[in-house]
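Trainee: Could you work out the structure for the sequence below:
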Amino acid sequence: METQSRKTFYTDSDFIIEVEDYLENLLIHCEVFNWKPSVLRRGYSVFVKLEQYARDNGYARMMTVTPNPKFAKLVGGTTISTLEYENKTHEVIVWELKQAS
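Mentor: Residues are numbered from 1 along each chain as shown. Take a look at the predicted model:
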């Protein structure tokens, strides 16, 4: 599997979102350093912008793999499979993106 390098989509002292493209998919990497309600609200706002960015750039779907899928599901992600990594269950989450007609 060949991917391009990660690009930072958003970063601040509370969280970072990086993306990389793979074929027609936008792979999402997110790390949260400080969980609190205001960070969750900001994360949702950034996610809306990320989803629009993905649509505007012609991606068919966004994907992430996470051991903690709560936020991904809150913002509309769907689990398509699970996998074990370092004795932890991770969920593969996708967002199917419909292109504007």
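
Trainee: so L26 is in which element?
Mentor: Assigned by DSSP states H and E, L26 falls within strand 25-32.

Trainee: Tell me how far the residue nearest in space to the middle of the chain lies from Y22.
Mentor: When CA atoms, centre = their mean is applied to the chain, the residue found nearest the centroid is I28 (3.6 Å). According to CB to CB, to the nearest Å, I28 stands 11 Å off from Y22. Heads up, the C-betas are built off the backbone N, CA and C, glycines and all.

Trainee: if we can go back for a sec, what is the burial count for the closest residue to the residue nearest to the centre of the chain other than its chain neighbours?
Mentor: Distances taken as CB to CB, 6 or more residues apart in numbering place T64 nearest to I28, at 4.3 Å, with adjacent residues excluded. Neighbour count for T64, taken as other CB atoms under 10 Å: 21.

Trainee: Then L74?
Mentor: L74: 12 neighbours (other CB under 10 Å).
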